[in-house]
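J.: Need a 3D model of the sequence below.
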Amino acid sequence: MWPFASKSFPCTAVQRVMVEEGLHLDVAGGGEILTALKAGADPAKLVLHGNAKSDEELELAVEHGVGLVVVDNFDDIDRLERIVPAGASATVPGPGHPRRRGRHPRLSSDRPRRLEVRPAA
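T.: Predicted structure coming up:
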């Protein structure tokens with residue numbers, strides 16, 4: 001997967017060209033999610049990547065089925081657990097630094113790079 005970083009030129013026309021070329025789009029926030037969808041992007045080919053994601057942006061990503069939400073911190077994981085609807089899940093790449101293993105119940109595996117986030121019980 002080679003995503004186009006839409007933050008370099010967040011314009012629907014440019015995103016449309018990238019979609020037509022079959023590229024995934026790396027979006028940095030809610031506005032870029034909306035312009036990518038308007039450009040005809042498949043939500044499954046969107047990557048939400050930003051270190052200051054709001055609850056509203058995470059909700060928008062989950063609501064529209066954004067394919068990948070990059071987790072930048074444990075707070076992102078906790079918020080996604082609250083936001084993901086009952087019976088659903090979201091696959092996200094987890095923080096991969098070895099010293100972070102075991103500090104969050106969702107990072108207990110030896111391979112913390114991909115997590116499946118489900119609603120908190």
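
J.: residues touching the spatially most central residue of the chain, list them.
T.: Most central in the chain under CA atoms, centre = their mean is residue 69, positioned 1.5 Å from the mean C-alpha point. Listed by CB atoms under 8 Å, 6 or more residues apart in numbering, the contact set of residue 69 reads 47-48, 53, 58, 61-62, 76, 80, 90, 92. C-beta coordinates here come from the backbone N, C-alpha and C atoms, glycine included.

J.: Bridged to the closest residue to residue 5 other than its chain neighbours, which residues?
T.: Using CB to CB, 6 or more residues apart in numbering and skipping residues adjacent in sequence, the residue nearest residue 5 is residue 26, 4.6 Å away. When bridges are taken as DSSP bridges, the partners of residue 26 come out as residue 5, residue 47.

J.: Flag the shaky bits of this structure, pLDDT-wise.
T.: 1, 89-121 (pLDDT under 70).

J.: Please repeat the previous calculation with a cut-off of 90.
T.: Applying pLDDT under 90 to the chain flags the ranges 1-11, 23, 49-52, 67-121.
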